[in-house]
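**Student:** pasting the sequence and the predicted model now:
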Amino acid sequence: MHGRTVMDIVQIARARSRHPDVVSVRRGRRASHKNSFIADQRGAVAFETMIVYIFMVASLLMPLADVAAAGFQFISGWAALRGFGQYLQYNPPPDVTNAAAWTSSALAKADPRFPIPSIQLLCGNSNAVCSASNLGLPKYYSYTTTVTLAPIVLRSVLCTSSNANPCTFTLPYSERFQ
C-alpha cells in the first residue's frame, strides 16, 4: 500500500467524513442523540416529502379532479344529446299531428345514463309546437337532459344550479330538421 498502514487509511477516511463531530459507537463511547440527529439529516427530507405530498393532494390534485370529473360529465351529456339528435335527424316522425307513438319509440333509443323526459316538435315558420292546428312541416326538435355532479372539494364553486339539487344541471338541445 505504498507505506500507508490501515490506521492511516482510517484516519484519512475520518478526516474526509462530512460529519466529523458525530461520535462513533465503535470506539466505546455512546453517540449523542442530539448531535447525531443534527449532523445526519437524511430523515428530514422524508418527513418534508410527506408534508409536501399532503399539501399537493389537498390543494391541487383533488380540486383538479373535481373540475375534470365535471368536465367529463358535461361532455358526456352534450355527446348524448348530440347523438340522440342525429338519431332524430334520420328518423323523423311520420305524422306530426300524432307523434306520441314516434316519441315513445324515439325516447327508448336515448342514452340511459342521460335520460330525456320529452321531445318537442316545432313546426312551421312560427316555431310553435306541432299540433292539429299547426300542420306545417317539422322544422326543429327540442329536448333536454340532466347532468348531476358529485364534487369532493369544490362543491361551493361547481354546484351553482338553480334546480332543487344545486349540483344538477339541465342541458337543453335544439336542432333543425334537414
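**Tutor:** Good, I have the coordinates. Numbering: from 1, shown residues only.

**Student:** now do the phi/psi pair for Leu122.
**Tutor:** Dihedral pair for Leu122: phi -110, psi 120, per degrees, to the nearest 10.

**Student:** how far off centre is the helix ranked longest in the chain?
**Tutor:** Assignment by DSSP state H gives helix 62-90 as the longest helix of the chain. Here the centre of helix 62-90 is set off from its chain's centre by 13 Å, with C-alpha atoms, centre = their mean, to the nearest Å.

**Student:** Leu107 touches Ala100, doesn't it?
**Tutor:** No - contact criterion C-beta atoms under 8 Å: Leu107 and Ala100 do not qualify, at 10.8 Å. Yep, even glycine has a C-beta here, placed from its N, CA and C like the rest.

**Student:** show me where pLDDT drops low in this protein?
**Tutor:** 1-44, 96-97, 178 (pLDDT under 70).

**Student:** how far off centre is the longest strand along it?
**Tutor:** Longest strand of the chain, by residue count under DSSP state E: strand 138-148. For strand 138-148, the separation from the chain centroid amounts to 25 Å (computed by C-alpha atoms, centre = their mean).

**Student:** looking at Leu107 and Ala100, which is more packed in?
**Tutor:** Between Leu107 and Ala100, counted using other C-beta atoms under 10 Å, Leu107 has the larger neighbour count: 15 against 9.

**Student:** who are the contact partners of that one?
**Tutor:** Residues in contact with Leu107 (C-beta atoms under 8 Å, 6 or more residues apart in numbering) are 116, 118-119.

**Student:** between the residues you listed, which is closest to Thr170?
**Tutor:** Using C-beta to C-beta, Ile116 comes nearest to Thr170 of these, at 11.2 Å.

**Student:** which non-adjacent residue is nearest the closest one?
**Tutor:** In this structure, Ile116 finds its nearest non-sequential neighbour in Ala110, 4.5 Å apart by C-beta to C-beta, 6 or more residues apart in numbering.

**Student:** my guess is the one you found contacts Ala80. True?
**Tutor:** Yes - here Ala110 reaches Ala80: they are 7.3 Å apart, a contact under C-beta under 8 Å.

**Student:** overlap in contacts of those two?
**Tutor:** With C-beta under 8 Å, 6+ apart, Ala110 and Ala80 have common neighbours Thr145.

**Student:** coming back round to it: quick one, the helix or strand just after the longest helix of the chain and strand 138-148 angle?
**Tutor:** Per DSSP states H and E, the first helix or strand lying C-terminal to helix 62-90 is helix 100-107. Put simply, helix 100-107 runs at 40 degrees to strand 138-148, going by axes from the mean of the first three to the mean of the last three C-alpha atoms, to 10 degrees.

**Student:** helix 100-107: how far from the chain's middle?
**Tutor:** Using C-alpha atoms, centre = their mean, the offset of helix 100-107 from its chain centre is 34 Å.
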